[in-house]
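Novice: Everything below, folded, please.
(chains A, B and C)
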Amino acid sequence: MASVPTTEFIRIAEQTEGDNTTDDPRFRAPLVTGGKNFAAVTETVANIAERPAPPQAWYVAMGVSLALLGLLGAMVGYLILTGVGVWGNNQPVGWAFGIVNFVFWVGIGHAGTLISAILYLFRQNWRTGINRLAEAMTIFAVICAALFPGIHVGRPWLAYWLFPIPDQMNLWPQFRSPLMWDVFAVGTYATVSLLFWYVGMVPDIATFRDRSKSKIKQVVYGIFALGWNGSSRHWHRYERAYLLLAAIATPLVLSVHSTVSFDMAVSQIPGWHTTVFPPYFVAGAIYGGFAMVIFLVVPARELFGLKDIITKRHMDNMAKITMATSMMVGYSYMTEFFIAGYSGDRNEAFTFHNRALGPYCWSWCVMFFCNVVAPQVLWSKKCRMNMWIMWVVGICGNVGMWFERFEIIPESLTRDFLPSSWHAYWPTWVDLCTLAGSFGLFMTLFLLFCRYLPTVAMAEVKTMLPEAHAHGAHSADEKRTDYRPDEHHDPDTDAPRFANR
Amino acid sequence: MKHHSAQREYWRSLEHLANTPEIQQSASAEFASYEPDGMLSMSSLTRRRFMKLMGASMALAGLSLNGCRRWPEAKLAPYTSTPPNRIPGIPEQYATMMELGGVGSPLLVTSYDGRPIKIEGNPTHPFSETVKGRSGAADAIAQASILEMYDPDRSKAVINRSGGNEIATDWDHFTSAMSSTIDSLTASPGSGLAILCEATASLTTTRLKAALAKRFPTAFYEYEALSRDNERVGIKSALGQPARQVLHLDKAAVVVLLDADPLGAHPAHVRYAGDWVKHRPNKEKETSRVYAIESAMTISGSVADCRMGVRPSRVGAILSAIAAQVGLAAAAASLTAEEEAFIKPLIADLSANSGKSLVAVGPHHPAEMHAMALAINDKIGAIGSTLTLLEEPNADRPHHFDSLADLTKKLKAKQIDTLVILGGNPAYDAPTDLDFAGALKNAKTSIHLSLYDNETSHACTWHVPRAHYLEAWGDARAWDGTVSICQPLIEPLYNGKSSDQMLAFFAGEPETESDAIVRKTFADIDDLAWRRVLNDGLVKDSGFKKVSATINSSAALPAAGGQSGYEVRFLQDSKLYDGRFATSGWLQELPDPLSKIVWDNAVLVSPRDAAGLGVGVGDMLKVTVGGASVEMPAFVLPGQPVGVIGLALGYGRTMGEHIGSDVGVNTYALRTTGAMYFTSAQVTATGAYYDLATTQDHHLFDQLGIQERQARVGEKHKSAEIIREATAAEYKRDPQLFQRNEEGGISLQLYEPPRRFNDPHAWGMAIDLSRCIGCHACVIACQAENNVPIVGRDNVLKSRQMHWIRIDRYFKGDAEDPNPEVVFQPVACQQCENAPCEEVCPVGATTHDTEGLNVMVYNRCVGTRYCSNNCPYKVRRFNYLDWHSQDPRHDKYPKPWLGLPDTQQIETVPMVERMMYNPEVTVRMRGVMEKCTFCIQRIHNTTIAKRARGEELKDGEIMTACQQSCPTQAIVFGDLNDANSKVSKWHQDKRAYSLLDADLNTKPRNRYLAKISNPNDEANG
Amino acid sequence: MTQEWYEQPFVFPKWANFLLPGIVLAVVGGLFYVPTVVGLGASPKTTAVGYEPVQPVPYSHALHAGKLGIDCRYCHTTVEKANFASLPPTETCMNCHTNIRTESQALAPVRESWATGKPVEWIQVHNLPQYVYFSHQAHVNHGVGCIECHGRIDQMERVYQVKPLSMGWCLGCHRDPGPHLRPKTVAVTDMNWTPPADPTDAENLAEQLLKDYSIHDKAYMQSCSTCHR
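Specialist: Down below sits the predicted model:
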């Protein structure tokens, strides 16, 4: 039987002890190591949900997250019952933590869509290992983000006036306002991401359904599997839907954060009114997003034994993207300063002078170090291979991006045109607790996801397996529930796979 | 069934609320004379019948609901018969007068359905009019007194402490208790009765004093903590009789002020400011020149053309130097080089403008200096031209300070059994060495008539609630002696009695009601004339007589000991006066014109001294005078003379009720009979820190920021981005210079605005920086007119103050400069035609109307605060909390509101406080943005009425509150469509510029007129 | 051999197909539901149209204004001079009723009020939100008839609310004031006047009146500041 390639791969994998990051011109580096076959992949992933109890660490994390979630609830309640005054916002600084957190979380969401949509269209097969996690992260991040615009307004119970609803006042929202654009941008983004995530999950949920031993699980998974039975018709529809959604989602990666950046760019506060914002924000968002993925994936692959599916190669690639985007962000910082000086606008120039050397220079330094300096270690392969370092860089990315938003939003407001109205900004304990609480919300959702849903897109990963490409590679002992009509042929060049070898 | 009131977001007036049981409870709890049923009783027809306020046709909400309607059932209670020429819902105005320190300020009070809601200057009175017969100015204190009248903290019952414990009773009990005392007095007068009152020139009071003295021997004492008697005594010594100086700054080309503050701290400062400004850049007159030599930073000093800060001990020397140089036989004191340099051009100017110049000395300085000043004025031909001398009321009364000392002595000697204290608060503000409170214990019976149950009341055996001047009849005299009748606008809210009523009672007068008492004083005026008097608010030709006497110019000064170390200068507080207004939230939160401090007083130190002491703003200092010492935060004030520390009096009240207690530090503790205004002290840093709340420059400590601010504001007497200015000489040389200053603001824009916002009117405003003296009267005017709340110290620290108009104060000149230039720039909403705030509001809550007003629709606002972020002038104010109900003295985190959001916390505001709201302006709830809209309620009410009557609107008929209250008429408002309107002329003026317009092309409807000062280059060095 | 139940992949069982109509029903229902909600929102209950409280005195406008033809302004004196249309003081009632119907039981509260000086507490029918500043003089003096907002008061035994008084309703006129105006020759209080039947005449009249009363242009009429402060 022509099972040569399989053995070949397995050999390579063994040679390199799971390090599949080296590119051997003779072979395509495997994206699944440890010689896993279809069954093994399914086993590994499904096992996370099927094992009777998750690892201790999961309980610990869940406990902490729930506590923070409770805190968030308390803070929001207090805020709404008392007034925005419980935050540190003041007269020049109308926006602070509320909007900072909003922009921060929306930014996080970007990696998901980028990985699932853009990399998919670019046929970056390695995405399959991490896209599910990233998409989930996107959804949860957007949920956190959506919370803040709602609660930061003075009269939240009237926030629905931002939506175009016909009323007896004969009034509509004002479409010139960037906040209005936000409502639509984020709304669209949330909807599409959610669909994308769910549609992608259907076959895997079906797998869970089929493997589950308890009736309840069967029914629940069964409902969400939408009666998937793996027929080639289903696969065909699924492929098309997925492709379409990817096409729809792709522009969103750019549009959402551009729109969010308009909140500042369209206004005229020095430090906000900057044309570089849209690309700069998108780059930053992708950087932040990947940092978050790394931050989550590193422990996840440890805890749930996904090392062979989310391999070193995945981490390597992510590290490279992170580094690239971090340098784009760094470039944007430089541009801002250059333009500020070059424009000859005294207010603009002062704002940036003040940003780097004024009362808040410490936060600028934190931002610059985390976003521009720290990622540079990833030039070295050693660091990319060291999960601890990767994890720390991930954390840096999140911290840095949060401080970037802090620098831009409240800090620019503290000193605008008339020196008489300058005033410092300091958060209150309510601000800080709300921020912490939003992480609680995010982590709670994420942990639940890890426990009950397929954390890896099994069906897609399997297409990366040699068996998926070798003719008749599958042995009789394996029950195929994940048959794919096009797995023998490369979709675009109708040649059989590996023909190019 | 509150959930039905979905639409009740805003609480506009008494309407719809007055009748609800809760309110009635709270109300009757607030003040005894308030019976909910009584509210509607129409027994009397006098307009001041308190019940009337609610009786007037208006809606009163019941709680009962009809089925499932969205609004609660509302009741309408009309009059049983309408008083003559009263149209329900149309406000009425009454002339009255507020007496402070023996001098009255003429007022015009607006009353809405029987509730006084706004105080302005009387436009027909020479001492308050600004636009003849059309508008009058009143200072911040007078305007804020409306709040004092409604203050629920005012005492509401007679309190008897004679038995050691407090017994609350009423006036009848008091009178019956007193009758025995009176009987014993009439039987065996003995030492008789002693009466201590505040300074007053009231004719009624004088009449009653006489009557009282006739009944039984009565000793009268008079005390004011901030007395001007040094001046009085000095003039007496030079003139042979006490006289009162009336300055005519409008006639003076050169004014020399030695610690005098005619524009800021003088009883007639409203009038004086108006006179002074007649000389500031205007076509006819030459710009005058004001020299200020002062031991503190004052309003007059900050707008003076040449200023020199000196130690108090040097002022005398400088005065005698001037005297010597104008040719008086005075010992020419030796001056420092700096002083010499300053004096030389000053003398030159004086001699050049003989008969057109004036020298004034502050009331703090000893009598001899005033005598000498008078001699100088005589010499330079001021008397009769720039200065008139009028006879003083009750000429023979002793100096206030001596009077109190005498009283205390008698008390200590147990020579006084019965003491009646009418107003005042000597237990708090008497010199410490007298220990007045202690002495008070020696009187068997001591009675204190006072608005509040304060420090003195607690030291007395009886406290009697006093009627506010808006509640009772009285009379008072302006600085020139013109008599005005104080007519009340409302029945006493808390059963108070006026001081005249108290005197009348002891004098055994038949009349007990204040109106009868006052009418008796003016019995010679017939009823018709009387009505005229009430209408005009003054008795024609009732001023003091001119005195003409020869001036004895052989005045010599006491040798002023060459002080070393720190000298203390006690200051009259710009807001609390001598501390009596500490209970007023509006005044507590009013920024000090120069330091911008609110809710506190501080040790004012010069930058150099601060460096010497190694302290910055907020670092605690220990000030020791003799045995006593206080610890207060330092405030580094540019322009504060080196070696002098300024201490504002009037803070640290222990019984200032909820608002006024424990605010700041009581500096009276350092004040002794020997040194009432100046003394020397040891100052040391304690190392502690206290966060002073200021409305400007707070947390501005880094060099970078300070440099940038100076760069934007510009150098001394030089134009810059924010402040445009020039000296009179430059401006004369080149009147076009400000035009050229406009770096050709780019008027290109993406699309032409849909309209020119000029239909049918184009409202605009202009503010003249040369006229603004930073007195803050406009801030209070706006606060009262627009229901602007206070936020309290904690929230000012967070920069959440709500004033719609703020006065930006900039010091120009480098940090080392001992005499920096001060510029005041009032900033309210600029009503930009290209309003940045409007583009960004997602719900369109702020839009332009067709007349160019940038309208703020409170009921549409959801509170995103985006507009405020995008406003380059930062004039928008956000209700971060429900300020109206939030306790300004409460800690930082208020209690959550568990009611329905839209029935907002304001439900918890006491009824009486709400009575003061202007019903023409929505009261904004928590979470809503607000800002100046050029008093749109005034615009609309006037235009609607005019159109209804088919009349044309004339220029100046609509005045914004700030404009109306401005003593120097620095603010002008009107229709830009009318080429001849004053505002159009100002907009076209050669000095006009728009703030930040060159940068941002916001096209503000408010323009500033560049500042013109007239420094003498030699003097300014 | 038969498979264990768990070896059967769980797909929707047959009966699940019965859910289909249910789903369809829900969707269609939704289409009805939304308009219903909107409808309710605009219903008289919500807008208080037809609110007709029982007044302390059974005063009949139908009799006084209608049959006897007393002019509205005889009692509501301030409509032309003030923003607020005041209620008549008891005095006004007594002007006539000291002679007429002096014994009537219905008038007892009025006589009592006159005696005691306590006002008759009428119940307000037309009630606007606190932040709306409506001015009677602005309307009444510019040819807007009472009937426009209050309806045929002269036919009401007991006064009730005829118009929704909602913002949308106000804007209705403010966006097209012409048709709601009447000539200066016709009293604003005239309940029987109707605009010319012929549409073109009506239009011309409206045009004319807009000029006569120099009514502000629509932009002004729709400015927020026209009603809100």
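Novice: contacts and neighbour counts: CA atoms only from here.
Specialist: OK.
Novice: got the residues of the stretch 851-1000 of chain B near chain C?
Specialist: Counting by CA under 8 Å from any CA of the partner chain, the residues of the stretch 851-1000 of chain B close to chain C are B:855-859, B:920-922, B:936-937, B:944-945, B:947-948.
Novice: Going through the residues you listed, which ones are buried?
Specialist: B:855-859, B:920-922, B:936-937, B:944-945, B:947-948 (16 or more other CA atoms under 10 Å in any protein chain shown).
Novice: Point to the residue nearest the middle of chain C.
Specialist: Of all residues in chain C, the one closest to the mean position by CA atoms, centre = their mean is residue C:163, 2.7 Å from it.
Novice: my read is residue B:972 is in a strand, agree?
Specialist: Yes. Counting by DSSP: H, G, I helix; E, B strand; the rest coil, residue B:972 is located in a strand.
Novice: State the number of residues packed around it.
Specialist: For residue B:972, the count of nearby residues is 24 (other CA atoms under 10 Å in any protein chain shown).
Novice: quick one on the thing from earlier: and the residue nearest to the centre of chain C, what does it touch?
Specialist: By CA atoms under 8 Å, 6 or more residues apart in numbering or on different chains, residue C:163 lies in contact with C:49, C:149-151.
Novice: Any stretches of chain C with poor pLDDT?
Specialist: For chain C, the stretches with pLDDT under 70 are C:1-10, C:45.
Novice: all helices of it, in order?
Specialist: C:16-41, C:44-47, C:61, C:72-75, C:90-97, C:108-116, C:136-140, C:147-150, C:167-175, C:199-212, C:218-222 (DSSP state H).
Novice: Let me have the contacts of residue C:163 in TSV, adding distance to chain A and neighbour count as columns.
Specialist: Converted to TSV, these look like this (distance: CA to the nearest CA, whole Å; neighbours: other CA atoms under 10 Å in any protein chain shown):
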residue	distance to chain A	neighbour count
C:49	14	19
C:149	17	16
C:150	20	17
C:151	21	17
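Novice: TSV please, covering those residues and showing distance to chain B.
Specialist: Shown next, in TSV, are these (distance: CA to the nearest CA, whole Å):
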residue	distance to chain B
C:49	10
C:149	18
C:150	17
C:151	20
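Novice: Could you pull up the residues touching residue C:81?
Specialist: B:945, B:948, C:137.
Novice: Swap in 10 Å and give it another go.
Specialist: Contact partners of residue C:81, counting by CA atoms under 10 Å, 6 or more residues apart in numbering or on different chains, are B:87, B:90, B:944-945, B:948-949, C:135-138, C:140-141.
Novice: Same question for residue B:783.
Specialist: Taking CA under 10 Å, 6+ apart, one finds B:118, B:143-144, B:586, B:777, B:789-790, B:802-805, B:961-962 in contact with residue B:783.
Novice: now with 8 Å?
Specialist: Counted by CA under 8 Å, 6+ apart, residue B:783 has contacts B:789, B:803-804.
Novice: likewise residue B:124?
Specialist: With CA under 8 Å, 6+ apart, residue B:124 has these contacts: B:132-134, B:136, B:536-537.
Novice: Quick check: phi and psi on residue B:916?
Specialist: phi -80, psi -20 (degrees, to the nearest 10).
Novice: Can you get me a residue count around it?
Specialist: Per other CA under 10 Å, the neighbour tally for residue B:916 reads 24.
Novice: Quick check: pLDDT value at residue B:695.
Specialist: pLDDT for residue B:695: 92.
Novice: quick one: it from chain A, how far?
Specialist: Look at residue B:695 and chain A: by CA to the nearest CA, to the nearest Å, they are 8 Å apart.
Novice: quick one: that residue from residue B:965, how far?
Specialist: Separation of residue B:695 from residue B:965 (CA to CA, to the nearest Å): 21 Å.
Novice: Show me which of those two is the more surrounded one.
Specialist: residue B:965 (32 against 27).
Novice: what sits against that one?
Specialist: Contacts of residue B:965 by CA under 8 Å, 6+ apart are B:120-121, B:136-139, B:777-778, B:781.
Novice: So which of those residues is surrounded by the most neighbours?
Specialist: In the contacts of residue B:965, the most neighbours by other CA under 10 Å go to residue B:137, 35 neighbours.
Novice: Let me know whether that one touches residue B:272 as I believe.
Specialist: No. Taking CA atoms under 8 Å as the definition, residue B:137 is not a contact partner of residue B:272, at 11.6 Å.
Novice: My reading is that residue B:446 lies in a helix. Confirm?
Specialist: No. The assignment for residue B:446 (three-state DSSP) gives strand, which keeps it out of a helix.
Novice: what about it, how many neighbours?
Specialist: Residue B:446, neighbours per other CA under 10 Å, totals 25.
Novice: if we can go back for a sec, can you redo the residues of the stretch 851-1000 of chain B next to chain C as a markdown table with pLDDT, secondary structure and distance to residue B:977?
Specialist: As requested, these are exported to a markdown table (pLDDT from 0 to 100; DSSP: H, G, I helix; E, B strand; the rest coil; distance: CA to CA, whole Å):
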| residue | pLDDT | secondary structure | distance to residue B:977 |
| --- | --- | --- | --- |
| B:855 | 94 | strand | 19 |
| B:856 | 94 | strand | 23 |
| B:857 | 93 | coil | 25 |
| B:858 | 92 | helix | 28 |
| B:859 | 91 | helix | 30 |
| B:920 | 90 | coil | 26 |
| B:921 | 91 | coil | 26 |
| B:922 | 89 | coil | 29 |
| B:936 | 95 | helix | 18 |
| B:937 | 94 | helix | 20 |
| B:944 | 93 | helix | 18 |
| B:945 | 91 | helix | 20 |
| B:947 | 90 | helix | 17 |
| B:948 | 89 | helix | 21 |
